[in-house]
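Student: Pasting the sequence and the predicted model now:
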Amino acid sequence: MIRDGAGVRLVHVLWLTSGLGCDGDSVAMTSATSPSIEELIRGVVPGAPALALYNQLLAYESGEEFLRPFWRAIDGRLKPFILVLEGSVPNEELSGEGHWSGLGVDPGTGQPIDVCTWIERLAPQAAAVLALGTCAAYGGIPAMRGNPTGAMGLRDYLGWNWKSHTGLPIVNLPGCPVQPDNITETLLQLSLHVAGIQERIELDEQGRPRWCFTRTVQEGCGRAGFAEHGVFARTPADSHGCLVKIGCKGPVVKCNVPVRGWTGGLGGCPNVGGICIACTMPGFPDKFMPFMQASPLGVMAAQASRFTYGPVLRRLRARAIRRHFDVEPDWRRPGKELRTGYQPRW
Ligand code: SF4
Ligand code: SF4
């Protein structure tokens, strides 16, 4: 649905970094290039509104001055805005007389304001809500088994059917941290929607932007051909071979980092020899530990390709390449006859 937002030139982004997290997503975003956060703030993307960013880690302002836009948003005097949560939501019912995580002080009571209170006050006024990073999307590292905080993702806290007043479900953008351009591109798409310029973004069954999470890591990995041929690395230093036997979870993980790279198209876990540890997935990290241990299914698939079709494919392809593809065509040689198949038209 495209809403009537004609004339919206500025979209505010209220970014709570006070969930349980490490601020890694804010840091990651500063290296985005396509688009960069500077381009979004300056409003130089054709047709898109400019963004006004309020992020504790990046702001020059501090104290009450920093919090002013947050109070104005709660009072309905700052519109339209996108609420971003970074870090997971703690269960304040378990925090006893203290609190797990907060931001600022309530002027009325003089008490710290916990992050759950900010979420409950801001979310109803937000045109769109973004759960940024695996912590905010699914709980992530702070929600590991045995943690004392009862940490959870934002959808678990507000409800998986929760929608903003514009009818938009919470957008989950996982990654630990999130790939930088995925952050700025999603902010751009959300701002275009909030400004009434573009349809709402398409989400998958986990609430993720579909365009970022359709492929598995292996489907975009530069080493995928090795897997097909049954060639596997034995140590992280092996540049020749698929990494699945040393623990890479790439075949079962949805993530576009191998295709998109990390900064400016460069880098990205398996592209530079790092195993995929499934940092974008629900259940990360517990479900995928120990990271350096291959999963039995991964090893079975690797053994199958190694001892059945892998070597056959490898030999047939090597022979075909040697005989047919890695050679110059016959007609590109000196000789007394023209062998190009050229037919004179006279
Ligand atoms: Fe930090 Fe990862 Fe959590 Fe983001 S998802 S806050 S990078 S631990
Ligand atoms: Fe995380 Fe794996 Fe994607 Fe790397 S490739 S960012 S470890 S999900």
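Tutor: Now that the structure is in, tell me what you want to look at. Residues are numbered from 1 along each chain as shown. Ligands and ions are numbered 1, 2, ... in the order given.

Student: Contact residues of the stretch 101-250 of the chain facing ligand 2?
Tutor: 175, 217 (CB under 6 Å from any ligand atom). From N, CA and C alone the C-beta is placed, and that goes for glycine too.

Student: in the stretch 101-250 of the chain, which spans are strands?
Tutor: Counting by DSSP state E, counting those that start in this stretch, the stretch 101-250 of the chain has strands at residues 102-105, 112-114, 128-132, 171-173.

Student: Run through who's touching stretch 134-154.
Tutor: 19-21, 85-91, 93-95, 100, 119, 129, 131, 133, 155-156, 170, 172-176, 206-208, 279-286 (CB atoms under 8 Å, 6 or more residues apart in numbering).

Student: Buried residues of it, list them for me.
Tutor: 134-143, 149-154 (16 or more other CB atoms under 10 Å).

Student: So among the contacts of stretch 134-154, which ones count as buried?
Tutor: 19-21, 85-91, 95, 100, 119, 129, 131, 133, 155-156, 170, 172-176, 206-208, 279-281, 284-285.

Student: These in helices, which ones?
Tutor: Among the buried ones among the contacts of stretch 134-154, the members falling in helices (DSSP state H) are 119, 133, 155-156.

Student: so where is this protein shaky, pLDDT-wise?
Tutor: Along the chain, the parts satisfying pLDDT under 70 run over 1-6.

Student: Let me see the ranges of the helices in it.
Tutor: Taking DSSP H to define them, one finds helices in the chain at 24-29, 37-42, 63-74, 115-122, 133-138, 154-158, 180-194, 217-220, 224-228, 257-260, 296-307, 309-320.

Student: Determine which stretch of those is the most buried.
Tutor: helix 133-138 (a mean of 30; mean count of other CB atoms under 10 Å).

Student: That one near ligand 1 at all?
Tutor: Yes. Interface with ligand 1: helix 133-138 contributes 133-135 (CB under 6 Å from any ligand atom).

Student: which one among those residues gets closest to Leu190?
Tutor: Nearest to Leu190, judged by CB to CB, of the residues of helix 133-138 next to ligand 1 is Gly133 at 15.7 Å.

Student: Tell me how far the closest one lies from Met144.
Tutor: Going from Gly133 to Met144 by CB to CB, to the nearest Å gives 15 Å.

Student: if we can go back for a sec, select, out of the strands of the stretch 101-250 of the chain, the one closest to ligand 1.
Tutor: Among those, strand 128-132 comes nearest to ligand 1, with 7.3 Å by CB to the nearest ligand atom.

Student: Convert the C-alpha atoms of the closest one to CSV, please.
Tutor: Output in CSV follows, covering the C-alpha atoms of strand 128-132 (Å, rounded to 0.1, in the frame of the first residue of the first chain):
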residue,chain,number,x,y,z
ALA,A,128,8.0,1.8,11.3
VAL,A,129,10.0,-0.3,13.7
LEU,A,130,13.3,-1.9,12.9
ALA,A,131,14.8,-4.7,15.1
LEU,A,132,18.5,-4.2,14.1
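
Student: can you list the residues that contact that strand?
Tutor: Here strand 128-132 makes contact (CB under 8 Å, 6+ apart) with 25, 82-86, 123, 137, 153-155, 158, 162, 164, 166, 168, 170-173, 178, 183, 186-187, 190, 193-194, 207.

Student: again, only this time at 6 Å
Tutor: 25, 82-86, 123, 137, 154, 164, 168, 170-173, 190, 194 (CB atoms under 6 Å, 6 or more residues apart in numbering).

Student: picking that back up, looking at the residues of helix 133-138 next to ligand 1, spot the one nearest Cys248.
Tutor: Distance to Cys248 across those (CB to CB) is lowest for Thr134, with 17.9 Å.

Student: Grab the nearest non-local neighbour of that closest one.
Tutor: Gly140 (3.9 Å; CB to CB, 6 or more residues apart in numbering).

Student: and the one you found, how far is that from Gly274?
Tutor: Taken as CB to CB, the span from Gly140 to Gly274 is 19 Å.

Student: who in this structure is up against ligand 1?
Tutor: 21-22, 24-25, 86-87, 133-135, 140-141, 176-177.
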